[in-house]
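Asker: model this:
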Amino acid sequence: MADSIREKRSAAAAEVAAIMNNEEISDADFKRAEELDAEITSLDSEIESKTEAMKANAERALARPTIEIAGAGRMNDGSELDSFMRWFRSSGKQERALNTGDDPQVVPTVLADEMIRKRAAVSAVRQMPAVSVVNYENDTELSAVNTILGAIGQSPITQLNYDNPEISFIFNLLKDANIDTQAEGWHFNTEKHVAFTPDSNGHIAISNDVLQLDVSDGWAVRQYDVVRRDGRLYDKIKHSDDFSSITSIDLDVVKLYTFENLPIPFRRYITYRASTKAATQLVANPNLVKLLQGQEALARASLMEYECNQGNHSMFGFPENTVYQTYQPWRNLRR
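Answerer: From the prediction side, this is the model:
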């Protein structure tokens, strides 16, 4: 448009010059020259206005932030870039914001680098179901040993290597704490009225996983006082392990279970108990021992809460062949 205005001005100026070159200027020529002069003045004003507008647009364009493109050209940091970023963050799920076709040169260099950096992570997340992940079960013997090692400032391990003296020592602490804790007799590992039958020789075998045993209350009016001796049941009253005179005997037994089969509060308590022993024997730091003892006491409290909830214990005991409901004060609130 500016070029056409300049062409009109040039044509008008040329016509004025032609009129002025005439030897004689008629009234009509003079009038025409005045019209052309007014037109030239108007065109000059319009050209000046257009020029100022173009300068202002150029200054605004130069002040606007731009991003270099991988190839030729520039992309304005405006709505198109915002749309492109929304498309990129959605990993291509949203409708493509730019009419770019498949030309890679329309992608800004800085965005291309960011896409290369993030695309691997996006692809990895999408492929996670197909990735083989090693998932260790909570509170296994391995995780317990690692907890003990961490408590004394040692690095964790990936497998139990009993040839390593330190690992073997830590594992033995865990095993001892497990046996000592279960030997107290709890609701989960105590069974009442378990029938034991003599074999053909009159002997009653007692397996190594039996930590405690006693004749059940109300059975045979306490005619027996039994213990485990040499892997068999032994009667201290008759001083004999021969039970051929009876068909069976009911015993209350406390059994030893593997670490993974214990309730979670017991596994935690046993781990913290072993941690305290490890710190006491391997680390000369009284403050650390005191800290671990507090942790052990807290785990013991959690264990006792679990035991009370599971065992429904009361001061009245549980007499044989009786059924009753223990006193529960909160039931009065229903009235």
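Asker: now stretch 32-42: mean pLDDT?
Answerer: In this model, stretch 32-42 has an average pLDDT of 81.
Asker: hmm, I typed the wrong one, I wanted stretch 191-204.
Answerer: pLDDT averaged over stretch 191-204 gives 92.
Asker: give the buried residues for that stretch.
Answerer: Neighbour-count burial for stretch 191-204 flags 196, 198, 203-204 (criterion: 16 or more other Cβ atoms under 10 Å). From N, CA and C alone the C-beta is placed, and that goes for glycine too.
Asker: which two of the residues you listed have the greatest separation?
Answerer: Spatial extent of these (Cβ to Cβ) is set by the pair Phe196 and His203 at 10.4 Å.
Asker: mind listing the shared neighbours of these two?
Answerer: Leu233 (Cβ atoms under 8 Å, 6 or more residues apart in numbering).
Asker: that's a strand at Val194, yeah?
Answerer: Yes: under DSSP: H, G, I helix; E, B strand; the rest coil, Val194 sits within a strand.
Asker: identify the bridge partners of it.
Answerer: Leu251 (DSSP bridges).
Asker: all numbers from here: first residue = 19
Answerer: OK, 19 is where the count begins now, so the last one is Val212.
Asker: gap between it and Val245?
Answerer: Relative to Val245, Val212 is positioned 16 Å away (Cβ to Cβ, to the nearest Å).
Asker: for Ile37, same thing?
Answerer: The value you get for Ile37 to Val245, if Cβ to Cβ is used, is 142 Å.
Asker: who's more crowded, these two?
Answerer: Counted by other Cβ atoms under 10 Å, Ile37 and Val245 do not tie: Ile37 has more neighbours, with 16 against 13.
Asker: tell me which helix or strand the more buried one sits in.
Answerer: helix 20-38 (DSSP states H and E).
Asker: give me the contact list for that helix.
Answerer: Taking Cβ under 8 Å, 6+ apart as the rule, helix 20-38 contacts 43, 47, 50-51, 54-55, 57-58, 61-62, 64-65, 68-69, 72.
Asker: also stretch 246-263?
Answerer: So stretch 246-263 is in contact with 214, 216, 219-224, 226, 228, 231, 241-245, 267, 269, going by Cβ under 8 Å, 6+ apart.
Asker: re earlier: quick check: helices, which of the buried residues of stretch 209-222 are part of them?
Answerer: Among the buried residues of stretch 209-222, no residue falls in helices (DSSP state H).
Asker: can you give me the helices for this structure?
Answerer: Under DSSP H, the chain gives helices at 20-38, 45-81, 97-107, 127-144, 159-169, 183-200, 282-300, 304-329.
Asker: list the buried residues in the fifth one.
Answerer: In this case it means helix 159-169. Those would be 159-160, 162-167, 169, for helix 159-169 by 16+ other Cβ under 10 Å.
Asker: again with the second one
Answerer: Of the residues in helix 45-81, 51, 54, 57-58, 61, 64 count as buried by neighbour count, 16+ other Cβ under 10 Å.
Asker: repeat that for stretch 177-194.
Answerer: Of the residues in stretch 177-194, those buried by neighbour count under the rule 16+ other Cβ under 10 Å are 185, 188-189, 191-192.
Asker: pLDDT on that stretch, on average?
Answerer: On average, stretch 177-194 scores 92.
Asker: over to stretch 246-259?
Answerer: 92.
Asker: residues near the residue nearest to Phe206 when sequence neighbours are not counted, how many?
Answerer: Excluding its sequence neighbours, the residue lying closest to Phe206 (Cβ to Cβ, 6 or more residues apart in numbering) is Pro281, at 5.8 Å. By the measure other Cβ under 10 Å, the count of residues near Pro281 is 18.
Asker: ok, Arg246 next?
Answerer: Neighbours of Arg246 under the rule other Cβ under 10 Å: 18.
Asker: and what of Asp243?
Answerer: Asp243, neighbours per other Cβ under 10 Å, totals 12.
Asker: that one and Val233 touch, don't they?
Answerer: Yes: judged on Cβ atoms under 8 Å, Asp243 makes contact with Val233 at a distance of 7.5 Å.
Asker: turn the buried residues of helix 45-81 into a markdown table, including distance to Ala292.
Answerer: Formatted as a markdown table, the buried residues of helix 45-81 follow (distance: Cβ to Cβ, whole Å):
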| residue | distance to Ala292 |
| --- | --- |
| Ala51 | 115 |
| Leu54 | 110 |
| Glu57 | 105 |
| Ile58 | 104 |
| Leu61 | 99 |
| Glu64 | 95 |
